[in-house]
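Enquirer: no sequence on this one, just coordinates:
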C-alpha cells in the first residue's frame, strides 16, 4: 500500500462513514440508495466504489437489468420508475455541477436545475429528500477520496 492508497485519517473516515450510513437509513430504500451511489460513482469514474456498490446492490435485489442500463437511465424507459428517475436526475445534477441541464428535465438555470430539484419532492417527503441529498453528498466525497488516492477495486471487505 502506498501513501496514496492509504485511507483517510480515522476520524475523517469515520465521519464520512457515519454520514453515508445515516443518509442510507433515512432514505429507507436500500435498492434505491445503491442505484444512486452507483450512478454517482459511474459519473466520477470511481472503480473502487462501483465494484463495492454493484456487489451490495445485487445483495439488496436490484435487478440486473437496472444495473446494466443505469448508465443510460434517461433512455431506458420502463426500466426505472418515476421515483428512481427523480432520484437519478438529482444525483446527476448534484454530481456534475458544470452544466445545469438534464435531458430528462431540461435546463432550469443554476447548477441544479429547478425542474430537477422540484421533481424530487413529488416522490420524496422532506426527510427522505434530505437523506437523498446527504447520500449524494456522501458518495461524491467517497468517490473523490478513492479516485484521488487511486484505490483499486476489490479492496472492500464487508
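Expert: Sure thing, it's come through. Since the model is a prediction, treat every value here as computed from it, not as a measurement.

Enquirer: Can you tell me the element the residue nearest the centre of the chain falls in?
Expert: Centroid-nearest residue in the chain: residue 37, 2.5 Å away (criterion: CA atoms, centre = their mean). Secondary-structure element containing residue 37, defined by DSSP states H and E: helix 30-43.

Enquirer: so after that helix, what's the next helix or strand?
Expert: Where DSSP H and E defines the elements, the next helix or strand beyond helix 30-43 is helix 47-59.

Enquirer: That next one: which residues count as buried?
Expert: 48, 49, 50, 52, 53, 54, 56, 57 (16 or more other CB atoms under 10 Å). For every residue, glycine as well, the C-beta is placed using N, CA and C.

Enquirer: Report the inter-axis angle for it versus helix 30-43.
Expert: Angle, helix 47-59 to helix 30-43, by axes from the mean of the first three to the mean of the last three CA atoms, to 10 degrees: 160 degrees.

Enquirer: helices or strands next to the lengthiest helix in the chain in the packing?
Expert: The longest helix of the chain (DSSP state H) is helix 126-148. Under the contact criterion of 3 or more CB pairs under 8 Å, 6 or more residues apart in numbering; DSSP states H and E, helix 126-148 touches helix 10-27, helix 30-43, helix 47-59, helix 82-95.
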